[in-house]
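Engineer: following is a predicted model, sequence given first.
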Amino acid sequence: MKTILQKFSVPFTYPVGFTHHVFDPKNPALASILRSPSSGPARALAVVDAGLAKATPGLIRQIEAYFQTHRDTLTLVSPPLIVPGGENAKNGWGNVREIMTAAGLNHLDRHSYILAVGGGGLLDMAGFAAALVHRGLRLVRLPTTVLGQNDAGVGVKNGMNEGGAKNFAGTFAPPFAVINDFAFLKTLPQPEWIGGVSEAFKVAIIKDKPFFRYLCKHAAALRNRDQAVMEKVVEKTARLHLRHIASSGDPFEVGSARPLDFGHWAAHRLELMSNFTLGHGAAVAVGLALDSTYAMLKGLISPEERGQIIQGLSDCGLPVWSPLLERANGTGEPDVLVGLEQFREHLGGRLCITLPDPVGAKREVHSMNLARVKKAIRLLAHESLASRADAPTKETKTGRDGSPSHPRRVRRTRPTDTKGNRT
């Protein structure tokens, strides 16, 4: 056989900006990014998260006013397209087709822009649609949630859920640009405000021990909606994610190792089991608690380190337990274990799970001892039951607006040793 070995590389460069009030006509950030290679104005279709539009009265008018102010260089090809946000945005082909149809009706070409404004679910889905039209329109992401700004919005992946599997369909397609507007974070309900912090813990636990300590130290501030602290956490987390994508040698995940999916094999399954009533951030927090407990039982991290992880997540107001972990399938086994096989298939045939070894560093393992996973579940269940039975005294703190925040337990859960006994 005669063979021609074709080899080439394509460098990808895209800016990730941080600002406030991106649609203020005096803010040049968006106008400086949307450029046309021709003499005419840049053409853009805006796709807006319906939940965001509802939570931000006047947002649609602000977008239209921004383009009108900059009409010499920008054109909004139609009124902003409002589509469902959250995980529902990614379920099935309906929303993808709607965006593709709008792009076709407005004659967008490869130099036109899709401006995706919303949370991580919308960004994933809109990015997938943009990647399919003409094999790739210019995607500009404007993440508006903590999770979107520190993780989902800054990477190179997009996708949608299909066939009972999360992110079953999708592509690798770097965005043209990302603009994180911190002002949007103030509109988030508490679950979405704190949910994205689980991704900060994820990357800190396996890559940056000083950052992990910072998160634990400022957990109460994060829970109580300290905007300045959250902005630091979002930017730091985004930088760590971007650094990994640039330096891992595998930005499009051709191999099977995916460190940034630490805690996600269980999280993805829990989301599906809950019919997506359990948010991604909360599911990741539970997944981190499970895999960290497994890592302790395996001897990779100490009981003290595991205790710090559990306490840090809890102090932020993130869950470390879900009853779904104990839900049995038809064979009597925990249904969450199905997530391991789904994860293996998603990775390309070889299971690769990232675990802390120790906190601040990582180890890739290619098998999970199912008896040990079930023991980790039992340990978390025991601690959750003990915590409820103890009925600790609670003290109520107020946020900046004077409203009550999540109650904080005065009594702290003691760490356990590798046999599950409290130390």
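Structural biologist: Good, I have the coordinates.
Engineer: got phi/psi on the closest residue to residue 288 other than its chain neighbours?
Structural biologist: Once flanking residues are discounted, residue 288 sits nearest to residue 263: 3.9 Å by C-beta to C-beta, 6 or more residues apart in numbering. (C-beta placed from N, C-alpha, C; glycine too.) With angles defined as degrees, to the nearest 10, residue 263 sits at phi 80, psi 0.
Engineer: from what I see, residue 263 and residue 282 are in contact.
Structural biologist: No - using C-beta atoms under 8 Å, residue 263 makes no contact with residue 282, being 11.7 Å away.
Engineer: find residues that contact each of the two.
Structural biologist: Residues touching both residue 263 and residue 282 (C-beta atoms under 8 Å, 6 or more residues apart in numbering): residue 198.
Engineer: neighbour-wise, which of the two wins?
Structural biologist: Set residue 263 next to residue 282 and count neighbours by other C-beta atoms under 10 Å: residue 263 wins out with 28 against 23.
Engineer: ok, back up a step: compute the distance between the residue nearest to residue 288 and residue 192, please.
Structural biologist: 18 Å (C-beta to C-beta, to the nearest Å).
Engineer: so where do the strands sit in the stretch 301-423 of the chain?
Structural biologist: Ranges of strands within the stretch 301-423 of the chain are 353-356, 362-365, 394-395, 408-409, based on DSSP state E, counting those that start in this stretch.
Engineer: please enumerate residues in contact with the second one?
Structural biologist: It stands for strand 362-365. Residues outside strand 362-365 that contact it (C-beta under 8 Å, 6+ apart): 206-207, 257, 259, 262, 300, 352-357.
Engineer: quick one: end-to-end distance for stretch 292-305.
Structural biologist: End-to-end distance of stretch 292-305 (C-alpha to C-alpha, to the nearest Å): 9 Å.
Engineer: so which of the contacts of strand 362-365 sits lowest on pLDDT?
Structural biologist: When the contacts of strand 362-365 are compared by pLDDT, residue 257 scores lowest at 65.
Engineer: any low-confidence regions in the stretch 301-423 of the chain?
Structural biologist: Scanning the stretch 301-423 of the chain for pLDDT under 70 picks out the ranges 391-423.
Engineer: again, only this time at 90
Structural biologist: The model of the stretch 301-423 of the chain has pLDDT under 90 over residues 330, 342-350, 386-423.
Engineer: which parts of it are helices?
Structural biologist: 303-316, 338-347, 370-390 (DSSP state H, counting those that start in this stretch).
Engineer: per-residue pLDDT, the residue nearest to residue 188 when sequence neighbours are not counted?
Structural biologist: Residue nearest to residue 188 in three dimensions, not counting chain neighbours: residue 145, with 6.2 Å by C-beta to C-beta, 6+ apart. On the pLDDT scale, residue 145 is placed at 96.
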